[in-house]
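Novice: one predicted model, sequence on top.
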Amino acid sequence: MGQNTFSTRLGFILVSAGCAIGLGNVWRFPFITGKYGGATFVLLYLVFLAILGLPIMVAEFAVGRASVHSPAKAFNVLEPKGSKWHRYKYVMIGGNILLMMYYTTISGWMFYYFYKMLTGAFAGLTPQQVGAVLGDLLTQPGTMAALLVFVVLLGFFVCYLGVQAGVERITKVMMTALLLLMVVLAVNSLLLPGSEAGLRYYLYPDFSKLSHYSLNEVIFNAMGQAFFTLSIGQGSLSIFGSYIGKEKRLTGEAVWIIVLDTFVALMAGLIIFPACFSYGINPGAGPNLLFVTLPNVFNHMMFGRFWGTLFFLFMIFASMSTVIAIFEFITGCFMELTGLDRKTIIRRAIPVMIVLSLPCVLGFNVWSGFQPFGPGSGVLDLEDFIVSNNLLPIGSLVYMAFCTTRYGWGWDNFIKEADTGEGLRFPRWLRFYVTYILPLIVLYILVNGYIATFGH
């Protein structure tokens, strides 16, 4: 066991969960849940996590652990002689770099809002003025670029310290703090006057809401959220598989990561909905929820500045845990591709990552004329569409095919690796489902993503 290993099982679980737990849990999950009928939607989501997310996650871990390599070399080690699976590594590495080209910008916003909350900048502002804060930030490429540089330097600094001393140690602290902060914030929200209405909206199964939307739309959204929340298909989890020993079976480890990811998503709703309903504020969609709705809620709340600061600290932990995990993936891959050491790779990666991330920043201001999906869209939407709607599903198909067919690594090898150690076995009777049905579900998500984007 060299330097590129985790010192503890907890480290592996928390770093992998940190990779999966990101802004989607807080940004998208509560809003989608409220829209599609609360608990009814949550139940569908949990079913899809088990039947979609789990097998693909186990496949990624198995490829990483069996090869003891990052995705830069994993397929080369495991594939049958003469096959071309290893070529897909360039897509995975490119996809993770592309993800960081916009994720670093959004993470920068978290630091900006944390600072604003901490210094009391929102105190006494009207809802319209609170709403204008994000708009003002988006018109300042200099400020956003500075925040982005800070995020890139911070993320790579953690990777620079190494797997155990940096990535594992710091992510453990962040994830523990994140889970504690969530519980404290959720309890605070539940104790607000009138919070019951928010709880009811969020967790009471309301089948009538399902009649407002087609069953296809509800199922697609539950599937999509289950699929995207875990960061599967990009190989970013595979590298952490290569850092662990053979003591535990992989299915049980994947279950732990999914449980933590789901816990954070559910708790985010417990923080947001009771607070919004308590103050009669609409828990609207997307970025507005985080940057307009919640600062307004904290403005109304007793000790709101304190709770708001804690909330954006938690958001920093959620976003930075993903940034660190993906930077570690990029670092590990380039170490294997080039044979250079960790520190050299990171010193070279920092300026490249900063330059690649600038288009996302400029897309909101200098290049705002570039609207790839029509009015209101920008560089960020294009980058996110390529990663979320294309590379995640396609990558998942590659991993599933590699682990189930004789043209790849094959079912027997996959099962042997997944079931090495103690703990939960991978259900062998799922072979037909994983080989033939699961790829069709992923294709359905891929095609529906295009229909949702271009079908209007």
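Specialist: Right, received. Where do you want to start?

Novice: what's around F41, how many residues?
Specialist: 25 (other C-beta atoms under 10 Å). C-beta here means a position set from N, CA and C on the backbone, and glycine is covered the same way.

Novice: residue contacts, it?
Specialist: I32, T33, K35, V218, N221, A222 (C-beta atoms under 8 Å, 6 or more residues apart in numbering).

Novice: neighbours of the third one, how many?
Specialist: With neighbours defined by other C-beta under 10 Å, the count for K35 comes to 16.

Novice: do you know the pLDDT at it?
Specialist: At K35, the model reports a pLDDT of 81.

Novice: pLDDT weak spots in the stretch 151-300 of the chain?
Specialist: For the stretch 151-300 of the chain, applying pLDDT under 70 flags the ranges 284-286.

Novice: one step back: of the contacts of F41, which is the most crowded?
Specialist: T33 (27 neighbours).

Novice: ok, that residue touching Y202?
Specialist: Yes - the criterion here is C-beta atoms under 8 Å, and T33 meets it with Y202 at 6.5 Å.

Novice: measure how buried M182 is and give me the count.
Specialist: Look at M182: counted by other C-beta under 10 Å, it has 23 neighbours.

Novice: secondary structure element holding it?
Specialist: Per DSSP states H and E, M182 falls inside helix 169-190.

Novice: can you pull the buried residues of that helix?
Specialist: For helix 169-190, burial by neighbour count (16 or more other C-beta atoms under 10 Å) applies to 169-172, 174-175, 178-179, 181-182, 185-186, 188-190.

Novice: anything in contact with each of T33 and Y202?
Specialist: Common contacts of T33 and Y202 (C-beta under 8 Å, 6+ apart): G269.

Novice: let me have the contacts of F41 in a markdown table, extended by secondary structure.
Specialist: Listed next are the contacts of F41 as a markdown table, based on DSSP: H, G, I helix; E, B strand; the rest coil:
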| residue | secondary structure |
| --- | --- |
| I32 | helix |
| T33 | helix |
| K35 | helix |
| V218 | helix |
| N221 | helix |
| A222 | helix |
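
Novice: just flag the most distant two among the buried residues of helix 169-190.
Specialist: Pairwise distances among the buried residues of helix 169-190 were taken by C-beta to C-beta; the largest, 32.7 Å, belongs to R169 and L190.

Novice: ok, back up a step: for L134, state which of the buried residues of helix 169-190 is nearest.
Specialist: Checking these against L134 with C-beta to C-beta, the nearest one is L185 at 20.9 Å.

Novice: hang on, A145 packs against V361?
Specialist: Yes - using C-beta under 8 Å, A145 is in contact with V361, at 5.4 Å.

Novice: higher neighbour count, those two?
Specialist: Higher neighbour count among A145 and V361: V361, with 27 against 17, using other C-beta under 10 Å.

Novice: got the buried residues for stretch 73-93?
Specialist: With burial defined by 16+ other C-beta under 10 Å, the residues of stretch 73-93 counted as buried are K73, A74, F75, L78, E79, W85, H86, Y88, K89, V91, M92, I93.

Novice: state the mean pLDDT of the lengthiest helix in the chain.
Specialist: Counting residues, the longest helix found in the chain (DSSP state H) is helix 304-338. Across helix 304-338, pLDDT averages out at 95.

Novice: now do stretch 123-136
Specialist: Averaging pLDDT along stretch 123-136 yields 90.

Novice: neighbouring contacts of it?
Specialist: Identification of contacts with stretch 123-136 by C-beta under 8 Å, 6+ apart yields 109, 116, 121-122, 281, 287-288, 291-292, 295-296, 299, 305.
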